[in-house]
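Asker: Sequence plus predicted model, see below.
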Amino acid sequence: MTEAANTDIGYPQAADARMDKDDGPLIRQSLQGDSAATERLILKYQNRIYNVVLKICSDADDAAELTQETFVKVLENLDKFEARSSFYTWAFRIAVNLTLNYCQRNARLAVRSLDSECEPCDSQAKQALKEFLSDDRSPDPAVVAQNKELHQIAMGALNTLDEAQKAVLVLRDIEGMSYARIAETLGIEIGTVRSRLSRARTKLRDILEAILK
Amino acid sequence: MKENSEQNGYAANTRIDELLNSFIDGELTAAEQAEVEHLTTQDMRVARRLRQLQKCKMLVGSLPRLNVPAEVSEGIRALAAGRRASLARMTVPGDEWAREERVGKRHLLVRRVLSAAAMIGLVAVLAGVIYTIVTPQTSPEKPVALEAPKPGLGISASPAFSGRLELKTSSLPEVSAFIGTAIEENGLVDSSGPVRREDRRIYSLNCSRKDLNLLLANLETIWPELDAATLFVDTQVFGRHVVVNGIRTEQIAQIAGQDNPETREHLARDLDALNTVVASVPGREILSAIQGAGKNLVREWVPRPVETGKMDNSRKSPSQAEEQKTVRLTIIVNW
């Protein structure tokens, strides 16, 4: 097992294939009018889609609206779903496209800070970040997941990225998609995923370093 | 030559970053993976960078996952039920499903209508207030000297503007010194002089609109130093006034420039609403845009000194000077 695998706390990639396999029968039953199957499909993905959308658009109300709109589109077009990609990829493609379009439309009224600076952090948060970054041991993901100060900093730093970078980063680090899956979801080349993700994560690193200075 | 080496260095760093990030994500070929392992054992800086990038990934991945709001979930389910109904309706004529579909659609519609209404409302308020401020007025906004009533024609003087301007600052000595100098330079020193207390300074002005505008133009530079600025505009009802929070210099001049007391009060209320809305809007882009417009307004209509040549307007008869004093303003500067 590589070091990378230890740090991966998103949804495990290995689950991708299993997820796709599970969705097939649900979709077929749903298309035949089985409401329980439709509901299971919705329950399976609604929170995950909501979280991805929320992290990209950074607004809970917008995220709720966009999640709802995503499922409206999914349900409206389920009959036309041809299984050329998996249902999972298809649903996330709809969600991310809706979100990116929404962000683009609202770019003129964007409330995101134009100077691309992270919100000022309080001393407690700074201290938490300092301890986190300076610790040479690999921190326990469960402990990090409980640290609210670090979350506050992470959200602030994430919000300084542009939406396209955020989308790649969120699909990888939160949703745990493989590069190939991200490329399929966003309709871009794997090379673009690789470079965009690298730029996004490097920028995050620079921002976190800057906070400590 | 140096530029080339910088470009090469940048490209190399970019490639290393891509390698490190792909390594973290387990997206490298065996050969690339070996390359990264070699790099990290050979170069401590690369090893450190790898650790930092891993931590970035961990930080984003550790962000809490929230549940979709219950109302959204219900809305989606209602829609799903509606979809099921449209399939079922082909064989079973049940109104139950149709009702669920309607509920789902209504739920969505209500949310959309409410969002749209809120946006339209906000835009309407802003548009109305901005329109009031920027539209050319039907009453002449020309140099104030022209507005003074001609003596002997039996026309009563325009209603005087009177009010109180309260400024809060954490640097009282500097701000009050600046204001005092500006008042002095504009020849507006009251015979009684400023009232000095430990925590405040009070200046009483009795001047023409033109003089007020010149003073305000001077005070504009000190405005960013203030913690708060509030204008209390006296109304026709004794003891009652309209409060304009977050007032700016050009707004004071605008309010004081209104001849009609009702228009003045109306404008004061509008500006207060505008300032409140702007202050509550998250992000400063809109604020700065409006402030930008405001600065243009000042430039546009705060009259600057002009050379009058042979007309010699500087010497006014005492009665003329007295008649032009249509502004009574008390400036209170607090800690």
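Answerer: Done, it's in. Residues are numbered from 1 along each chain as shown, chains lettered A, B, ... in the order given.
Asker: Domains in chain A, by residue range?
Answerer: Residue ranges for the domains of chain A, per automatic domain parsing: A:13-111, A:113-213.
Asker: Looking at the ones you listed, which is nearest to residue B:167?
Answerer: Between residue B:167 and the domains of chain A, the shortest separation by Cβ to Cβ is 26.7 Å, and it involves domain A:113-213. (Each C-beta comes from the backbone N, C-alpha and C, glycine too.)
Asker: For stretch A:88-102, which residues meet the burial criterion?
Answerer: Of all the residues in stretch A:88-102, those buried under the rule 16 or more other Cβ atoms under 10 Å in any protein chain shown are A:88-100, A:102.
Asker: Could I get the full set of strands for chain B?
Answerer: Applying DSSP state E to chain B gives strands spanning B:161-168, B:195-196, B:200-207, B:228-234, B:241-245, B:327-334.
Asker: Quickly run through the sheet partners of the third one, with directions.
Answerer: Strand pairing for strand B:200-207, determined by DSSP bridges: strand B:195-196 (antiparallel), strand B:327-334 (antiparallel).
Asker: try the fourth one
Answerer: In the sheet, strand B:228-234 lines up against strand B:161-168 (antiparallel), strand B:241-245 (antiparallel) (DSSP bridges).
Asker: Pick the most deeply packed of those.
Answerer: Among the strands paired with strand B:228-234, the stretch with the highest mean neighbour count (mean count of other Cβ atoms under 10 Å in any protein chain shown) is strand B:161-168, at a mean of 20.
Asker: what's the average pLDDT for that one?
Answerer: Across strand B:161-168, pLDDT averages out at 89.
Asker: export it as PDB, just CAs?
Answerer: Taking Å, rounded to 0.1, in the frame of the first residue of the first chain, the C-alpha atoms of strand B:161-168 are listed here in PDB:
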ATOM      1  CA  PHE B 161     -31.300  73.100   6.600                       C
ATOM      2  CA  SER B 162     -30.500  72.300  10.100                       C
ATOM      3  CA  GLY B 163     -29.100  69.200  11.600                       C
ATOM      4  CA  ARG B 164     -26.500  67.500  13.600                       C
ATOM      5  CA  LEU B 165     -23.600  65.400  12.400                       C
ATOM      6  CA  GLU B 166     -22.200  63.000  14.800                       C
ATOM      7  CA  LEU B 167     -18.800  61.500  14.000                       C
ATOM      8  CA  LYS B 168     -17.100  58.700  15.900                       C
END
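Asker: on that earlier part again, save the domains of chain A as TSV, and put in distance to chain B and mean pLDDT too.
Answerer: Written out in TSV, the entries for the domains of chain A read as follows (distance: least, Cβ to the nearest Cβ, whole Å; pLDDT from 0 to 100):
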stretch	distance to chain B	mean pLDDT
domain A:13-111	4	84
domain A:113-213	4	85
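Asker: mind putting the ones you listed in JSON lines, distance to residue B:243 included?
Answerer: JSON lines is the format used below for the domains of chain A (distance: least, Cβ to Cβ, whole Å):
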{"stretch": "domain A:13-111", "distance to residue B:243": "28"}
{"stretch": "domain A:113-213", "distance to residue B:243": "31"}
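Asker: want to try CSV for the strands paired with strand B:200-207, with mean neighbour count as columns?
Answerer: Written out in CSV, the entries for the strands paired with strand B:200-207 read as follows (neighbours: other Cβ atoms under 10 Å in any protein chain shown):
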stretch, mean neighbour count
strand B:195-196, 12
strand B:327-334, 20
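Asker: Can I get stretch A:84-103 in CSV, CA atoms only?
Answerer: Extracted in CSV, the C-alpha atoms of stretch A:84-103 (Å, rounded to 0.1, in the frame of the first residue of the first chain):
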residue,chain,number,x,y,z
ARG,A,84,-22.8,5.2,-21.8
SER,A,85,-21.3,6.4,-18.5
SER,A,86,-22.3,5.2,-15.1
PHE,A,87,-25.3,6.7,-13.4
TYR,A,88,-23.0,8.0,-10.7
THR,A,89,-20.8,10.0,-13.2
TRP,A,90,-23.9,11.1,-15.1
ALA,A,91,-25.6,12.5,-11.9
PHE,A,92,-22.4,14.2,-10.7
ARG,A,93,-21.9,15.7,-14.2
ILE,A,94,-25.3,17.3,-14.1
ALA,A,95,-24.7,18.6,-10.6
VAL,A,96,-21.2,20.0,-11.3
ASN,A,97,-22.3,21.5,-14.6
LEU,A,98,-25.3,23.2,-13.1
THR,A,99,-23.1,24.5,-10.3
LEU,A,100,-20.3,25.8,-12.5
ASN,A,101,-22.8,27.5,-14.8
TYR,A,102,-24.5,29.0,-11.8
CYS,A,103,-21.2,30.3,-10.5
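Asker: about what we covered before: between the buried residues of stretch A:88-102, which is nearest residue A:49?
Answerer: Proximity of the buried residues of stretch A:88-102 to residue A:49 (Cβ to Cβ) peaks at residue A:95, which lies at 4.7 Å.
Asker: Can you tell me the element the closest one falls in?
Answerer: For residue A:95, the enclosing helix or strand under DSSP states H and E is helix A:87-105.
Asker: Could you pull out the strands in chain A for me?
Answerer: Counting by DSSP E, chain A has no strands at all.
Asker: OK, contacts around the residue nearest to the spatial centre of it?
Answerer: Using Cα atoms, centre = their mean, the residue of chain A that lies closest to the mean C-alpha position is residue A:170, 2.8 Å off. By Cβ atoms under 8 Å, 6 or more residues apart in numbering or on different chains, the contact list for residue A:170 reads A:52, A:55-56, A:158, B:60.
Asker: Residue A:143 is in contact with residue A:132, correct?
Answerer: No: under the criterion of Cβ atoms under 8 Å, residue A:132 makes no contact with residue A:143, lying 9.5 Å away.
Asker: Who has more neighbours out of those two?
Answerer: Each of residue A:132 and residue A:143 had its neighbours counted (other Cβ atoms under 10 Å in any protein chain shown), and the higher figure belongs to residue A:132 (19 against 11).
Asker: before we move on, back to that, closest to residue B:212 out of the strands paired with strand B:228-234?
Answerer: strand B:161-168 (8.4 Å).
Asker: List the contacts of that closest one.
Answerer: Taking contacts as Cβ under 8 Å, 6+ apart, the residues outside strand B:161-168 that touch it are B:175, B:209, B:226-234, B:241, B:247, B:252, B:255-256, B:258, B:264, B:326-335.
Asker: coming back round to it: in helices only, show me the contacts of residue A:170.
Answerer: With helices identified by DSSP state H, the entries of these that belong to them are A:52, A:55-56, A:158, B:60.
Asker: Adding distance to residue A:23, write those residues out as a markdown table.
Answerer: A markdown table is the format used below for the ones in helices among the contacts of residue A:170 (distance: Cβ to Cβ, whole Å):
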| residue | distance to residue A:23 |
| --- | --- |
| A:52 | 17 |
| A:55 | 23 |
| A:56 | 23 |
| A:158 | 29 |
| B:60 | 26 |
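Asker: Only the buried subset of those residues, as a ChimeraX command please.
Answerer: Buried subset of the ones in helices among the contacts of residue A:170, written as a ChimeraX selection, criterion 16+ other Cβ under 10 Å:
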select /A:52,55,56,158 /B:60
